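Asker: Sharing a sequence plus its predicted fold:
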Amino acid sequence: MIKFLLKRVGVMALTALCLTFVVFFLTNLDPNLEKLAKTQGNSRMSDAEVASWLEKNGYARPLLIRYGEWIGVVPGWTRTAPDGTVAGRCLHRGAAPETAPAYCGILQGDFGYSTRFRADVSEIIATRLALTGTLMFWVMIVMIPSALIIGVLAGMREGSRADRVLSSFSILWTATPEYVSGVIFIAVFASSAVGLKWVKGSAASAMRDVTFENFALPVATMALYGMGYIARMTRASMAEVMTAQYIRTARLKGLKFRRIILRHALRNALIAPFTVIMLQFPWLLTGVVVVETLFNYKGFGWTLFTAADTNDIELLLSCSIVAVLVVLVTQLISDIGYVFLNPRIRIS
Amino acid sequence: MDALGWGEILARMFVRFWPVWGALATSFALSFAFRRRLGLYGKLFDSPVGMIGYGLVMFWFFTALFADIIAPHDPIQVLSGMKNKPPGTPLPDGAEGYGYYLLGGDNLARDVFSRMVMGAREVLKIAPAATAFAFMVGITLGVPAGYYRGRLDLILSFIANLVLAFPVILLFYLLVTPEIMASAIPSGLAGVLFLFPILFLVILWNSRYRTRPSQRALYVGITVTLGAWLYAGLAFDADPLGVISMPPNTLIVFVAVVFVNSPTVFRIVRGLVMDIQTRDYVAAAQTRGEGPWYIMLWEILPNARGPLIVDFCLRIGYTTILLGTLGFFGLGVSAESPDWGSTIASASGLLSIYPHPALPPALALMSLVLGLNLLADGLREESLKD
Amino acid sequence: MKWHHEGPVLEIDRLSISFFTRLREIPAVMDFSLTIQPGEAVGLVGESGCGKSTVALGIMQDLGRTGRITSGTIRFKGRDLCKMGEPELRNIRGDEIAMIYQEPMASLNPAMRVGQQLMEVPMIHESASKEAARKLALRMIEDVRLPDPARIFRAYPHQLSGGQQQRIVIAMALMSKPSLLILDEPTTALDVTVEAGIVDLVKGLGRKYGTSMLFISHNLGLVLETCDRICVMYSGEAVERGSISDVFEDMRHPYTQALFRSIPLPGADKTARPLVAIPGNFPLPHERPPGCNFGPRCTFFREGQCDTAKVTMQPIPGNDRHESRCLRMPEIDWSAPPPLPVATGTVEPGEVVLKVEGLQKYYRVAANALTGGAKRVVKANETLSFEAREAETLAIVGESGCGKSTLAKVILGLQPATGGTVTFGGNEIQNIPVARRPREMVGNLQMVFQNPFDTLNPSMSVGHQIMRALEIFGVGTTVAERRERMLELLDLVKLPRAFANRMPRQLSGGQKQRVGIARAFAGNARVVVADEPVSALDVSVQAAVTDLLMELQREKRTTLLFISHDLSIVRYLADRVLVMYLGHVVELGTTAQIFAPPYHPYTEALLSAVPIADTKVKKERIVLEGDIPSAVNPPPGCPFQTRCRWKDKVGPLCETQTPPLREIAPGHSLKCHLSEEQLHLMRPVIQTEDT
């Protein structure tokens, strides 16, 4: 098991390395750097001015070296200007050249500086992630139990009326991405023109204080799409388990239907959806960005959107690290959880 | 003129869709009449779910096909005075053309109904083709990975997982930007991805007709010639005849969508191949000395077609959602494009005051994806009944 | 909720069961009656699809959503089960009637410990306390003769072997001492030596608890060993019913008779007394003929008599509750021997075609699919040596895991050998993969596969598949030529030419197997490896496919390597037999030498384990303890030493040294430490009364 974990962590590290390099490469393409220079300096810069700006800010060196700096395995650049002031990668917050560390990459815990927000990336990520964490917490609370219940209820009597009704709903939900359901919800429940005006169409105030009024729509919007998918997976898994021989064994033992479901079917039926739920996390990111944009909730998704929009390289890189880590960790959890849920794999 | 009531709006919309109703009725009648001779497609008409799905999908397909006839107005035409007008508003005096904005006007005073109809064309231009390409890539790589296993599988699976671990939205932000479009990356990616269909077909013919050289030469020749022509035109905009080309923003959207979908297809195909590989007929083919590619493409792949067709339908739906997401964030679309995603996004700002411009494209997208999901369900059900 | 009742435990009276699909009603069981007295064991015999399992599920009132009892009654201890409500039925299920079925692995909940599953029964039916239930479960595990009950109690099903799982299922069924136990093919998924143990157990426990049994099987030999009475079913109907001795010795229905003539019993011989296959195919439920269901396949069929009205069960005077569903019963001379087919004459084997010397095959497997883990070495074949001559049938016999399929793969070039040589046509081929073998050699060395449902590509027409084989073997130069040759091959395997355009799913199991044979013979095969070619087919079809194989072999002087676990059929068709155990050849000799003492101890046990459907045969019962060891971790010394009953005659040598393969008679070799004298003390396992 230890060996397995180590191997998985190794693969994870390699994946993260590859992915951040891709992000680094794409954000550091020449046109992107030019755009950065123009947004940071002056939008009417000439080509020569752009080049000198890039030179001055350390962007004009080989990609791999700069990637190494960002990781923290290559010493940060320093540059003495003609006027004697020293600039450098590790000096961006006015630290003295003498005391500044030689390396300042993510390995040193330095995630860099956001050119858009003019603040430390780690600070921004921390606050924004906390906000998104609140949102995700409520989404999970709503989504997972209801999806599992719907799936189990539909799958335990395949073809029954309850199954048909519940399945129709889940298939409808899987066809409704967040930007569609969000729009419909706002129009129906929050529109001041024709809607029911039950709740608010903006979650901006939820950043300070979460209430039902300001959080119901974003949570519902996000939960719905994932819910349909998980419910359908659970239903399929449940329906399959219900046709298994051992369920017949249980039935012919004289067990009550309730007991068959709870004691025999449920655990086996939840093995497959567990993996699905775990793999659902990365997909939720798109939803997070959509919902936060739509409901004006400035969390991680909104930050990602803004960083990409302004080519804020270091912020974008850190966002992608967070996103990739979420994906990889959930994959790891899903593998380990699968092993624990399924005794057949655990002991052999 | 007075504004129309809802009954009249619906009636007029129904009339506008006449070519669609005609085409739908014909296709249903024909398919139903010959359903016993049409294999899995015909069996679809035994399942109510499948028929509803088929109806919804074909509705949008025909809408896209006849969009020019259905749409009463030019989707980018701006009529002063029609800004944010509610559904059924008549045109101001002196304006030419169809007398009403059936579903109202948007914040730029364009006809919501016409934009919704034209939006279908935007989606169906890309989604099925992109999904088909993703399948080609996924199959060409997934089949050998599942068949040979070992190191090849290890490397390909790692790459697939790498792409899967990449948050879709981040990839879109990074890839579908004007800066990237200007670089060589889209052509490069397209150059790699578009090679797979040609490769696939060449291997397909080669393995089948290796004992008959003349036939092999013919099929491979046709594939390579046609493929190279399309390839040059689509990926590098270098068609010597100047017929085939793809605008750069469509190309990058296309490439991004193929890129995102391929790894999932790869994983499905790989799993199916690993399963089917254990069958005796594969062993029988091996014992008579068939080449590995013949076994992969002619013995294994045809027997994986059931789940693959089902997934194909689901995946078109998913691609539709992805395209909507791209539009919603204004990625890879021109400002005036009538595609559903960007229409929803542009209307979402004023949603609480004017909900009517956002709802038609939202419902349209939903119904198309729903139709594809139902179609997939129907196909799955019927293919299991065999 | 047990009640006392005098009289039969189960009385089924004119029961009919149908399944309802969207298109039509499919009658599965019609006019079926059966009575089981207390303590009696009744066998229900028939081919797949005859409705025998439906009867069992009907008794359990568990027919699913589509199945329904359309008429008749099922009385259990005097009360009609069809009129009971769900709660009442629940009280009876598992308490009064218990059921065991084919796949032991599938019958147990994979995510629940064995002990928990056992404890459930007394806890729900007798409201037993946890402690009482636990004690009872442990005692029951001991009762089904499983070692170390405490460990088994805590185990998950997948940690047990197939035989152990089935013992647990039996324990679960007997937990509440039911009055009736229904066994639906309980040993079909198990190896013969394991099956023998289970049969022994069921018989013993049935007697111990006084349980009545309904034993469903397709195997007449098994029913003979376990039951007092038998009921033969054909196409949804009971066709003959009576005591074992009446039905086996004094059968009164043409189907029963045909069934007995189509199975290889001792005394059958491929040249002198060949099997008689039942012509035609099993009718589909909605295509049943008018009148007698068996009519179209019956040799005694008379138009106007057998195809007019429904036939009813007629009692046979003089016998005890013996009935048959045949109108012509009084007219037929039941003792007449079967018409002798044209004698074919024996074929003299030619020179050696295939020679295997010291063949070894090891391969590595990962210990765990998900987490990887250390690779383990499976020793599938250990120093195999034998030769096969032209026109000879060499049977390779052994249970699952003995390495017989691996041997086939190495010979065919699907896997390279680890050591030793395989010589074919003067070339050493053990390390030439099939793709690099010359085209002619590939055509000369072909295979027939086990599972008919898997042997043909479902998405390619039958003709196309044969033509592809011809194309690969280089037969014919044009498509038209190959098409002609393909049609000839269809003639050869006695299939109508129209089948060329059919898809495999439109064919029955036997027909598919014929296509598989045609494909194997497409390239003028000199050696055909047949891996259990008939074991997945119904009894009545087995004979026809076997005959076809033999006929083709005679005609083409092909060498047949016939891989099988079924000694009855091996005795019938093989010239020489090779017995394998755990990758070793343990015995090799002519068929006569193998089936007569001296035996290898494993052969002896195998012979004793095979059920024989002949009341005149007396067998010595040898039940092997334990399971076949894993090839990953074979025991030291002799591979069979863990289960051998002769081991104490030799001593510690068996545990340390692998015995050499030594010749004890011309052409007869054994791999055993027993001395010559000890071997000659062995007594025959099977004896027929009239010899």
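Answerer: Alright, I've got the coordinates. Note that the structure is predicted; figures quoted are calculated from it, not measured.

Asker: quick check: mean pLDDT across the host helix or strand of C:Phe562?
Answerer: Take DSSP states H and E as the rule and C:Phe562 turns out to sit in strand C:559-564. Strand C:559-564 carries an average pLDDT of 91.

Asker: any idea how far it is from the chain center?
Answerer: 17 Å (C-alpha atoms, centre = their mean, to the nearest Å).

Asker: can you check stretch A:59-70 too?
Answerer: With C-alpha atoms, centre = their mean, you get 27 Å for stretch A:59-70.

Asker: Pull out the buried residues from that stretch.
Answerer: Neighbour-count burial for stretch A:59-70, counted by 16 or more other C-beta atoms under 10 Å in any protein chain shown, picks out A:59, A:66-70. Every C-beta, even on glycine, is put in place using the N, C-alpha and C of the backbone.

Asker: before we move on, back to that, downstream of the strand holding C:Phe562, the next helix or strand is which one?
Answerer: Once the chain leaves strand C:559-564, the next helix or strand it forms, by DSSP H and E, is helix C:567-573.

Asker: which stretches of chain A form helices?
Answerer: Along chain A, counting by DSSP state H, helices occupy A:2-27, A:30-40, A:47-56, A:63-71, A:121-156, A:161-174, A:178-185, A:212-242, A:245-252, A:257-259, A:266-294, A:300-309, A:313-341, A:343-346.

Asker: so how far is the fourth one from its chain's centroid?
Answerer: Spelled out, it's helix A:63-71. Remark: helix A:63-71 is offset 25 Å from the chain centroid, using C-alpha atoms, centre = their mean.

Asker: quick check: angle from it to helix A:313-341?
Answerer: 70 degrees (axes from the mean of the first three to the mean of the last three C-alpha atoms, to 10 degrees).

Asker: Count the residues that sit near residue 227.
Answerer: In the absence of a named chain, this looks at chain A. Neighbours of A:Met227 under the rule other C-beta atoms under 10 Å in any protein chain shown: 26.

Asker: meant chain B, my bad for not saying
Answerer: Burial of B:Gly227 is recorded as 18 neighbouring residues (other C-beta under 10 Å).

Asker: ok, for it, nearest residue in space, not its chain neighbours?
Answerer: Nearest residue to B:Gly227 in three dimensions, chain neighbours excluded: B:Ile198, at 3.7 Å (C-beta to C-beta, 6 or more residues apart in numbering or on different chains).

Asker: show me what contacts that neighbour?
Answerer: Listed by C-beta atoms under 8 Å, 6 or more residues apart in numbering or on different chains, the contact set of B:Ile198 reads B:223-224, B:227-228, B:231.

Asker: Also A:Ile144?
Answerer: The contact partners of A:Ile144, taken as C-beta under 8 Å, 6+ apart, are A:230, A:277.

Asker: at 10 Å what do you get?
Answerer: A:223, A:226-227, A:230, A:273, A:277, A:280 (C-beta atoms under 10 Å, 6 or more residues apart in numbering or on different chains).

Asker: With C:Ile563 instead?
Answerer: C:Ile563 sits in contact with C:394-398, C:402, C:404-405, C:407-408, C:447-448, C:450, C:529-533, C:535, C:570, C:578, C:580, where contact means C-beta under 10 Å, 6+ apart.

Asker: quick one: C:Arg22 and B:Asp46 touch, right?
Answerer: Yes - counting by C-beta atoms under 10 Å, C:Arg22 does reach B:Asp46; the two are 8.1 Å apart.

Asker: between the two, which one's more packed in?
Answerer: When C:Arg22 and B:Asp46 are compared for neighbours, B:Asp46 comes out ahead with 16 against 7, by other C-beta under 10 Å.
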